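1. What would the 3D arrangement of this be:
(one chain, ligands or ions: 1)
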Amino acid sequence: MKSLTFFLTATLSLFIFSCSNQSTVTEKESTVVKSKIDSSKVSEPAKTPATAAEIMAKKEVPVLCYHHIRNVASTRELKNEYEVSVTEFKSQLKALADSGYKSITPDQLYNYLVFGGSLPEKPFLITYDDTDQEQFSVAKPEMDKYGFKGVYFIMTISIGRPNYMTKEQIKQLSDEGHVIASHTWDHSRVDRYTYEHAIEEGGKKKVVNDWDQQLVKTKTKLEGIIGKPVDYFAYPFGIWSKSGIPEIEKRGYKMAFQLATKRDSLQPLYTVRRVIVAPQWSADGLLKVMRSSFK
Ligand SMILES: [Zn+2]
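-> Residues are numbered from 1 along each chain as shown. Okay, the predicted model is just below:
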């Protein structure tokens, strides 16, 4: 719209200029008008998608990954590397806000990587895997304090089960600007998918194509819940495979998130790196990792 307005204005002024003083339009003056039009084009974001090499050369945006946020008295009570305490989680979010970090969405990340879109000065993504209840009851109110928006990677088999989020909560997250994305149907590893797999779903035995079962059915289900497109995916256990990337791409996902292994230099959009926030990290430790792990 902006460029159209400028074009019309420029055309109109050219027209008036030519009409009022046609004989004195010199080549130099018409060049000035032309160069103004050209420079307006330059200021718009590039519309040609970046190549894989260009994406790899861009500064990486830190992406955090949380699973369970446990209400424990001490971090010693945490059972594994997928847990953080509520106290630590709260102090980490506060430290991020105090340090000027601004959460961005996967759409913003995609636009930055592919089309050179602008980002806030200290961008990061905060992501949650596996549909856990406390990601709604604890993480959401905490993010609300600082205006952060999260990305929720949902495994659809667990929706509505005890200790997992309900579809109403998932819808509410989406309505409030958080992003809902796919984390497969039952959390099985992408590198083991086959085209004919005997499974049991809802008490019924059937043969499915894993790629459709894990990627298409979940996308459709989540889109039905939130009424918006689901464009992003996270690999269960962070495990990705080179041969799986085209399968994900052709099923309509724009980017896929792994964990902290090296990106595929030819497919950086389908191997976006994340770090799992470890139970023993302090808020300062987290900020250090964000600076050192994302180059
Ligand atoms: Zn997971």
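2. Doesn't Ile245 lie inside a helix?
-> Yes: counting by DSSP: H, G, I helix; E, B strand; the rest coil, one finds Ile245 located in a helix.
3. Next, count neighbours for the residue lying closest to it once chain neighbours are set aside.
-> In space, and not counting its chain neighbours, Ile245 is closest to Tyr270: 4.5 Å by Cβ to Cβ, 6 or more residues apart in numbering. Quick note: C-beta positions are derived from backbone N, CA and C, even for glycine. By other Cβ atoms under 10 Å, 23 other residues sit near Tyr270.
4. Identify the residue nearest Asp174 in space, chain neighbours excluded?
-> Wrong residue type there; residue 174 is Ser, not Asp. Excluding the flanking residues, the one nearest Ser174 by Cβ to Cβ, 6+ apart is Ile226, at 3.9 Å.
5. who touches the one you found in this structure?
-> Neighbour list for Ile226: 170-171, 174-175, 180 [criterion: Cβ atoms under 8 Å, 6 or more residues apart in numbering].
6. Ala97 too?
-> 145-146, 148.
7. if I look at the residue nearest to Ile245, how far off is the ion?
-> Distance, Tyr270 to the ion, by Cβ to the ion, to the nearest Å: 17 Å.
8. of all the residues in the chain, which ones are close to the ion?
-> Residues of the chain lying close to the ion (Cβ under 5 Å from the ion) are 129-130, 236.
9. Need the per-residue pLDDT for Arg76.
-> You'll see Arg76 listed with a pLDDT of 82.
10. Please identify the helix or strand for the spatially closest residue to Leu119 that is not a sequence neighbour.
-> Nearest in space to Leu119, with sequence neighbours left out and distances taken as Cβ to Cβ, 6+ apart, is Tyr112 at 5.2 Å. Assessed by DSSP states H and E, Tyr112 sits inside helix 106-115.
11. what's the angle between whatever helix or strand comes next after that helix and helix 106-115?
-> Counting by DSSP H and E, the next helix or strand C-terminal to helix 106-115 is strand 123-129. Put simply, strand 123-129 runs at 130 degrees to helix 106-115, going by axes from the mean of the first three to the mean of the last three Cα atoms, to 10 degrees.
12. now strand 123-129: how far from the chain's centre is it?
-> In terms of Cα atoms, centre = their mean, to the nearest Å, the centre of strand 123-129 is found 8 Å from the chain centre.
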